[in-house]
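1. Let's see this in three dimensions:
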Amino acid sequence: MTDTQVQTLKILVWLITVQKTVKIEKLAACFPLPIKYESRRRHIQRFLTLFSLSLPLFWFPIIKMLIDKEFALW
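-> Got it, this is the predicted structure:
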């Protein structure tokens, strides 16, 4: 992922924790980019469809790490 993509991911995770919602419209309304609402919404949609955020490449390794960490304590 590029630096910009990592920053976008950090902002989205922060917004989800603050807003407690995952609706793109709500996130776009609060997303701190100095562009129009529709552009922010499209930016978030394009970001979420990136290949680098696919289940096998991004999420499975994170889930595996969390499971390994949790069960290593047992």
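
2. after the top helix by length along the chain comes which helix or strand?
-> In the chain, with assignment by DSSP state H, the single longest helix is helix 3-19. Next helix or strand after helix 3-19 toward the C-terminus (DSSP states H and E): helix 24-30.

3. now that following helix, how far from the chain's geometric center?
-> 13 Å (Cα atoms, centre = their mean, to the nearest Å).

4. same deal with stretch 33-40?
-> On Cα atoms, centre = their mean, the centre of stretch 33-40 falls 17 Å from the chain's centre.

5. which helices and strands does the longest helix of the chain pack with?
-> helix 24-30, helix 37-48 (3 or more Cβ pairs under 8 Å, 6 or more residues apart in numbering; DSSP states H and E). All C-beta spots, glycine's among them, are computed from the backbone N, C-alpha and C.

6. What separation is there between V22 and D3?
-> 24 Å (Cβ to Cβ, to the nearest Å).
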